[in-house]
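> the following block contains a protein sequence and its predicted model.
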Amino acid sequence: MADVRTMAAPAGRRGTFISLEGIDGCGKSTQATLLADRLEAAGHEVVRLREPGGTAIGEKIRKILLDPQNGAMADECELLLYEASRAQLVREVVAPALARGAVVVCDRYLDSTYAYQAGGRGLDASLVSRCNELGSCGVLPDRTLVLDLGCEDALARATAGGADRLEQEGMRFQERVRAAYLRLAKAEPARVRVVDAVGSVEDVAGRVDAALRDVVVPCRCGDAGVAHE
Ligand code: TYD
C-alpha cells in the first residue's frame with residue numbers, strides 16, 4: 001500500500017493549500033469566498049472546497065452529519081464520518097489540484113476535527129490526531145487561518161437561519177471548540193494563524209490577506225505562480 005505521506009511530498013506538490021477555520025458563525029465562509037475571488041482575479045487557478053463534502057460521496061456524508069434527526073450519533077461515528085469525507089476529498093480533488101499547481105481554498109479541514117471532536121466532544125486528542133493523519137492522507141495546509149470571534153456573537157449569527165445538528169450544541173460547546181483552535185495556533189504557529197474576525201467584512205479580508213502574504217501572491221504582479229516557504 002502506498003505511504004499516505006507520499007502525497008504531501010514537495011516534488012508532487014506545486015500548488016498552495018489554504019484552509020479557513022473557526023467556530024460556527026465566525027464569518028469564515030464569506031471570507032473563503034472573497035479570498036478565492038481575489039486569488040482568481042490575480043490569475044491563480046483556485047479550487048474552492050468545503051468540509052464536510054466537496055465530492056459526490058462527501059456531500060452524502062455531509063447530509064448524514066448535519067441532519068438534526070441524527071441526534072443519536074455516537075461521537076466515534078461522527079469522527080469517522082468526517083474523516084471518511086476528508087479522505088475522499090483529498091484523494092479525488094485536493095492532491096490532484098496541488099499537483100497541477102492550483103491554490104486550494106478549503107472552508108474547514110482537519111483542524112475542525114481537532115477543535116470539534118477533541119475540543120468540543122472531548123474525544124482523546126491524540127486519537128483524533130491519528131485519525132486526522134489517515135483522513136487527510138498526510139496532506140496538510142500550507143497556512144490555516146482561524147477566524148476568531150466571541151462565541152455569543154458567532155452563535156447568534158450562525159443560528160439566525162435555524163440551527164443544524166452541531167449548532168444545536170450551544171454556547172459551552174462553542175467555547176470549548178474556540179479554546180481548542182487557540183491551543184492549536186499556539187502549538188503550530190508556522191501553519192496556524194489567528195485572525196481577528198471582529199469588524200467589517202473588508203477589515204477582516206485585509207487581515208486575511210496579511211496572514212497569507214508569505215504563502216501565496218494575492219495580486220497580479222508578474223508571475224502569478226505561488227511561493228512556498
Ligand atoms: P456547516 O453548515 O458547513 O458550518 P460552517 O458554515 O460553520 O462551516 O457545518 C459544518 C459543521 O460540521 C460545523 O458545525 C462544524 C462541524 N465539523 C466538525 O464537527 N468536525 C469536522 O471535522 C468538520 C469538517 C466540521
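Yep, it's here.
> phi, psi of the residue most central in space within the chain?
The chain has Arg108 as the residue nearest its centroid, 2.1 Å off, counting by CA atoms, centre = their mean. With angles defined as degrees, to the nearest 10, Arg108 sits at phi 80, psi 140.
> for it, which residues are in contact?
Shown here is Arg108, whose contacts under the criterion CB atoms under 8 Å, 6 or more residues apart in numbering are 19-21, 28, 50-52. From N, CA and C alone the C-beta is placed, and that goes for glycine too.
> and for Gly150?
Val198.
> still on that earlier bit, out of the contacts of Arg108, which are close to the ligand?
51-52 (CB under 6 Å from any ligand atom).
> dump the contacts of Arg108 into CSV; add distance to Leu98 as well.
Converted to CSV, these look like this (distance: CB to CB, whole Å):
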residue, distance to Leu98
Ser19, 13
Leu20, 17
Glu21, 19
Lys28, 21
Arg50, 17
Glu51, 16
Pro52, 20
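> past the helix or strand bottoming out on mean pLDDT in the chain, which element shows up next along the chain?
Lowest on mean pLDDT, DSSP states H and E among the helices and strands of the chain sits helix 151-158, with a mean of 84. Of the helices and strands lying after helix 151-158 in sequence (DSSP states H and E), the nearest is helix 171-187.
> now do that next one: distance to the chain's middle.
A distance of 14 Å separates the centroid of the chain from that of helix 171-187, by CA atoms, centre = their mean, to the nearest Å.
> with just CA atoms, put that helix into CSV.
The C-alpha coordinates for helix 171-187 follow below in CSV (Å, rounded to 0.1, in the frame of the first residue of the first chain):
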residue,chain,number,x,y,z
MET,A,171,-22.6,28.0,23.9
ARG,A,172,-20.4,25.8,26.2
PHE,A,173,-19.6,23.5,23.2
GLN,A,174,-18.6,26.5,21.1
GLU,A,175,-16.4,27.8,23.9
ARG,A,176,-14.6,24.5,24.0
VAL,A,177,-14.2,24.5,20.3
ARG,A,178,-12.8,28.0,20.3
ALA,A,179,-10.3,27.2,23.1
ALA,A,180,-9.1,24.2,21.1
TYR,A,181,-8.5,26.4,18.0
LEU,A,182,-6.5,28.8,20.1
ARG,A,183,-4.4,26.0,21.5
LEU,A,184,-3.7,24.7,18.0
ALA,A,185,-2.5,28.1,16.9
LYS,A,186,-0.1,28.1,19.8
ALA,A,187,1.1,24.6,19.1
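> and which of the contacts of Arg108 is nearest to the ligand?
For the contacts of Arg108, the residue nearest the ligand by CB to the nearest ligand atom is Glu51; the value is 3.8 Å.
> so how far is Val208 from the nearest residue to that closest one once chain neighbours are set aside?
With CB to CB, 6 or more residues apart in numbering as the criterion, Glu51 has its nearest non-adjacent residue at 4.2 Å, and that residue is Arg108. Going from Arg108 to Val208 by CB to CB, to the nearest Å gives 15 Å.
> quick one: secondary structure of Val216?
Three-state call for Val216 (DSSP: H, G, I helix; E, B strand; the rest coil): coil.
> that one contacts Leu39, correct?
Yes: in terms of CB atoms under 8 Å, Val216 counts as a neighbour of Leu39; the distance is 6.9 Å.
> kindly export the helix or strand harbouring Val195 (C-alpha atoms) in CSV.
Element membership for Val195 (DSSP H and E) is strand 192-196. Once non-C-alpha atoms are left out, strand 192-196 reads as follows in CSV (Å, rounded to 0.1, in the frame of the first residue of the first chain):
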residue,chain,number,x,y,z
VAL,A,192,-2.0,28.1,12.0
ARG,A,193,-2.6,31.9,12.4
VAL,A,194,-5.4,33.5,14.4
VAL,A,195,-7.2,36.3,12.5
ASP,A,196,-9.4,38.7,14.5
